[in-house]
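K.L.:
Generate coordinates for the sequence data below:
(one chain, ligands or ions: 3)
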Amino acid sequence: MNNRIIDRITDPKAIKMLSHPELVTLAAELRTEIIETCSKNGGHLAPSLGVVELTLALHRIFDTAKDRIIWDVGHQAYAHKLITGRKDSFHTLRTLDGISGFPKRAESEHDHFDVGHSSTSISAATGMAVARDLLKGTNKVIAVIGDGSMTGGIAYEGLNHAGHLNKDLVVILNDNEMSIAENVGALSNFLSRTITNEFVHKIKKDLESFLEGLDSVGHSVLKVAKRAEESLKGLFTPGMLFEAFGFEYIGPIDGHDVELLTETFEKVKRFDDAVLIHVVTKKGKGYPPAEKNPSLFHGVGPFDIATGKVIKGKGGAASYTGIFGDVIRKIASEDERLVAITAAMPDGTGLSPFAKEFPERFFDVGIAEQHGVTFAAGIAAKGLRPVFAVYSSFLQRAYDQIFHDVCLQNLPVTFAIDRAGVVGSDGPTHHGVFDLSFLRHLPNMVVMAPKDENELQHMLFTSVNYEGPSAVRYPRGNGLGVPLDQQLRTLPIGKSELLRSGTDGLILAVGTMVSPCFAVAEALAKEGMNLAVVNARFIKPLDSELIIDLIRTTNGPVFTAEENAIQGGFGSSILELIEESGFSGIRVIRIGYPDRFIEQGEQAELKSRYGLDEAGLEATIKKALKL
Ligand SMILES: Cc1ncc(C[n+]2csc(CCOP(=O)(O)OP(=O)(O)O)c2C)c(N)n1
Ligand SMILES: CC(=O)[C@@H](O)[C@H](O)COP(=O)(O)O
Ligand SMILES: [Mg+2]
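P.N.:
Ligands and ions are numbered 1, 2, ... in the order given. A predicted model of the protein is given here:
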């Protein structure tokens, strides 16, 4: 008979009734459940395994029906989900219409803030603490933030404000000495304090034996020194930093000792000022392959539990990310001006091989997209060619820096925008469906999207050699498997490619939409309908000359197709062009993502749901042509 504790936890309050050995058993059961589900669905395995004991201790002491826990990024919240009523739906994790991989207020009363992007928890918690006090509430507010997420500037804006207000607020720093890759920066060195502590300890011992060897003067000095010991320790531990922000500091404590965590939280629950608890955990804890390779298992696809081997997809063409990584090295080998930058995503953006080959020209700035952009602007201002490789949705953080530090000064920064379009299981926080809209209205900016991986190569080369800011946006996943030209060339700025002629209608397509649009036009030709198809290549500047000519000669509607929000995107720019050119009576049908946040699901599922696959495009076009 199945006698698992996990099956009895339908409400987190049940955690409070368990004995210590039962909590240890439950931790193991949670890990099994998390590993099994991630092995099938993929997911953020290593971060979630690392906080199982922390999650149990939090739920043992706090009551999430009223107390507020804000998980930073939220990719580590699987145990929290399992014990807050979502065990039976956990098998749907990250799937279409299933439960989210991140906390979601709409999903549970125990999720208090929607997340996915990093470093927001302290600010949100501070806001909740202020609101609680204004409303005369009594609940606790707890932010749980990782050491990687502490590299994001907003975390310090939050700390600075929270420490100043000194509200009843708990920040738990989950320090596993890892971001997705190795964590970077001075703070990370400061937190991994082992060497410093040993060093301080040795100095203290040496000093003590020296003073003890002296006469009574020495003993008096020793007494003073002993009294100063605490402050000396404080001077060399991370506590110093957080205390300077106005927080009480507790730690570092073992984040896998559920009893110690529980005792600590019990005490802290009675405090009524801002406290930071520094908890040390192991990323991937309890699953040896993840402990050994936490970067691979940070966000992993389906894998074999016994061997820890990731199950490869169908194979096929190289990924856009991989091609980017290859081309950028190729360009850098001939152009010494090229400098590559990532904001904590060296693997995800394909820059890791570049980092190995050109370590002096590679910079991981941490989760600091704003700094990454302005840093790139500084490099460009001195005549070099920075390439900032970044996910579309994370670039949103740096809108003002793109405007103020790059475009306004017309600096030659390349934005290599990966994960443009829908990204899949990460869902609405991570889909990259706004970049065309938020980039194309900025003066000086050139915006490109390749129809395939070969065009990606030429666009990157074009971008690095362009004298102003430019962006190349490309999707998550594989290219089309087209042959790659060996010789890179610059594309004429603002020139599109006419792929097929026809006067029954005009399709203007961008990036990943070019191939399915072309296929649909070819199929319709067999039914006697001849549509022109344009690979836009440039979203900005538009190839106005060609597009106006084609609009003039078409007898049918104009279709625009893009993997971006319809609002403000490429289709909108065509409407503007039509208006500016004085056309009237032109029917324009814009195909893209509607004005709502797009849910999680596989890319193909989402494209099908929103009519961006071949079947959907054909249906839309046929309807408009009244076929
Ligand atoms: C603004 C932003 N940039 C980048 C990311 C990608 N990202 C997600 S988790 C993560 C590392 C977080 O490290 P840490 O906070 O230490 O958590 P851990 O995974 O180690 O538990 C990164 C870079 C993100 N979610 N948000
Ligand atoms: C939580 C987070 O932001 C990242 O781990 C993200 O999920 C990575 O996405 P990719 O899998 O597309 O690299
Ligand atoms: Mg970490």
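
K.L.:
Break the chain down into its structural domains.
P.N.:
Domain assignment of the chain by automatic domain parsing yields the ranges 6-193+237-292, 320-473, 497-624.

K.L.:
so where do the strands sit in the stretch 201-350 of the chain?
P.N.:
Read by DSSP state E, counting those that start in this stretch, the stretch 201-350 of the chain holds these strands, from start to end of the chain: 248-254, 274-280, 338-342.

K.L.:
in its sheet, what does the first one sit against?
P.N.:
When sheet partners are counted by DSSP bridges, strand 248-254 sits next to strand 274-280 (parallel).

K.L.:
Same question for the last one.
P.N.:
Strand 338-342 has the following sheet partners, assigned by DSSP bridges: strand 362-364 (parallel), strand 385-391 (parallel).

K.L.:
just to revisit the earlier point, show me the one of the domains of the chain that comes nearest ligand 1.
P.N.:
Nearest to ligand 1, of all these, is domain 6-193+237-292, at 2.3 Å by C-beta to the nearest ligand atom. (Each C-beta comes from the backbone N, C-alpha and C, glycine too.)

K.L.:
The closest one close to ligand 3?
P.N.:
Yes - using C-beta under 5 Å from the ion, we find that domain 6-193+237-292 touches ligand 3 at 146-148, 176, 178.

K.L.:
could I get the residues you listed as CSV with distance to ligand 1?
P.N.:
Shown next, in CSV, are the residues of domain 6-193+237-292 next to ligand 3 (distance: C-beta to the nearest ligand atom, whole Å):
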residue, distance to ligand 1
G146, 2
D147, 5
G148, 2
N176, 5
M178, 5
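
K.L.:
which one of the domains of the chain has the most crowded surroundings?
P.N.:
The highest mean neighbour count among the domains of the chain, using mean count of other C-beta atoms under 10 Å, belongs to domain 320-473: a mean of 22.

K.L.:
Distance from the chain centre to it, please.
P.N.:
Using C-alpha atoms, centre = their mean, to the nearest Å, we find the averaged C-alpha position of domain 320-473 to lie 15 Å away from the chain's own average C-alpha position.

K.L.:
one step back: right, so of the strands paired with strand 338-342, which gets closest to ligand 3?
P.N.:
Each of the strands paired with strand 338-342 was checked against ligand 3 via C-beta to the ion, and the shortest separation belongs to strand 362-364, namely 14.3 Å.

K.L.:
Residues touching that closest one, excluding its own?
P.N.:
Applying C-beta atoms under 8 Å, 6 or more residues apart in numbering, the set of residues contacting strand 362-364 from outside is 181, 184, 339-344, 346, 351, 354-355, 375.

K.L.:
Equivalent analysis for stretch 327-340, please.
P.N.:
350-351, 353-355, 357-358, 361-363, 376, 379, 383-387, 389, 416, 456-457, 460-461, 464, 488.

K.L.:
Narrow the residues you listed to those in strands?
P.N.:
362-363, 385-387, 389, 416 (DSSP state E).

K.L.:
Restricting to the residues you listed, which residues neighbour ligand 1?
P.N.:
Among those, no residue sits close to ligand 1 (C-beta under 6 Å from any ligand atom).

K.L.:
mind checking pLDDT for the closest residue to ligand 2 within the stretch 1-150 of the chain?
P.N.:
Ranked by C-beta to the nearest ligand atom, the top residue of the stretch 1-150 of the chain for proximity to ligand 2 is H75, at 4.1 Å. Taken from the predicted model, the pLDDT recorded for H75 is 98.

K.L.:
Then the one 5 residues further on?
P.N.:
Reading off the per-residue confidence, H80 sits at a pLDDT of 98.

K.L.:
What are the neighbouring residues in contact with the residue in the stretch 501-627 of the chain that ligand 3 sits nearest to?
P.N.:
In the stretch 501-627 of the chain, the residue found nearest to ligand 3 is Q600; the distance is 23.4 Å by C-beta to the ion. Under the criterion of C-beta under 8 Å, 6+ apart, the contact partners of Q600 comprise 94-96, 98, 100-101, 424-428.

K.L.:
thinking again about what came up before, which of the contacts of strand 362-364 sits closest to ligand 2?
P.N.:
Nearest to ligand 2 among the contacts of strand 362-364, counting by C-beta to the nearest ligand atom, is A344 at 9.4 Å.

K.L.:
For stretch 580-588, give me every contacting residue.
P.N.:
Applying C-beta under 8 Å, 6+ apart, the external contacts of stretch 580-588 come out as 544, 548, 551, 556-560, 571, 574-575, 578, 624.

K.L.:
Inside strands: which ones of these?
P.N.:
The strands in this structure, assigned by DSSP E, contain 558-560 from the contacts of stretch 580-588.

K.L.:
Throw those residues into a markdown table and include pLDDT and distance to ligand 3, thanks.
P.N.:
As requested, those are arranged in a markdown table below (pLDDT from 0 to 100; distance: C-beta to the ion, whole Å):
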| residue | pLDDT | distance to ligand 3 |
| --- | --- | --- |
| V558 | 98 | 49 |
| F559 | 98 | 46 |
| T560 | 98 | 42 |
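
K.L.:
who are the neighbours in contact with the residue nearest to Q401 when sequence neighbours are not counted?
P.N.:
Taking C-beta to C-beta, 6 or more residues apart in numbering, and ignoring the residues beside it in sequence, Q401 has V373 as its nearest neighbour in space, at 3.8 Å. With contact set as C-beta under 8 Å, 6+ apart, V373 has these partners: 388, 395, 398, 401-402, 405-406, 413.

K.L.:
On the three-state scheme, V373 is what?
P.N.:
Taking DSSP: H, G, I helix; E, B strand; the rest coil as the rule, one finds V373 in the helix state.

K.L.:
Model confidence score at the residue nearest to A344 when sequence neighbours are not counted, please.
P.N.:
Residue nearest to A344 in three dimensions, not counting chain neighbours: I367, with 4.5 Å by C-beta to C-beta, 6+ apart. Confidence at I367, expressed as pLDDT, is 98.

K.L.:
Distance from stretch 600-616 to the middle of the chain?
P.N.:
Once both centres are worked out by C-alpha atoms, centre = their mean, stretch 600-616 turns out to sit 22 Å from its chain's centre.

K.L.:
Only C-alpha atoms, please: export it in PDB.
P.N.:
Backbone C-alpha positions of stretch 600-616 (Å, rounded to 0.1, in the frame of the first residue of the first chain) are rendered in PDB as follows:
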ATOM      1  CA  GLN A 600       3.100  28.500 -22.200                       C
ATOM      2  CA  GLY A 601       3.200  25.500 -24.600                       C
ATOM      3  CA  GLU A 602       5.400  24.100 -27.200                       C
ATOM      4  CA  GLN A 603       6.300  26.500 -29.900                       C
ATOM      5  CA  ALA A 604       4.500  24.500 -32.600                       C
ATOM      6  CA  GLU A 605       1.400  24.300 -30.400                       C
ATOM      7  CA  LEU A 606       1.300  28.000 -29.800                       C
ATOM      8  CA  LYS A 607       1.900  28.800 -33.500                       C
ATOM      9  CA  SER A 608      -1.000  26.500 -34.300                       C
ATOM     10  CA  ARG A 609      -3.300  28.000 -31.700                       C
ATOM     11  CA  TYR A 610      -2.600  31.500 -32.900                       C
ATOM     12  CA  GLY A 611      -2.800  30.700 -36.600                       C
ATOM     13  CA  LEU A 612       0.900  31.300 -37.300                       C
ATOM     14  CA  ASP A 613       1.600  27.800 -38.700                       C
ATOM     15  CA  GLU A 614       1.100  26.900 -42.400                       C
ATOM     16  CA  ALA A 615      -2.500  25.600 -41.700                       C
ATOM     17  CA  GLY A 616      -3.500  28.800 -39.900                       C
END
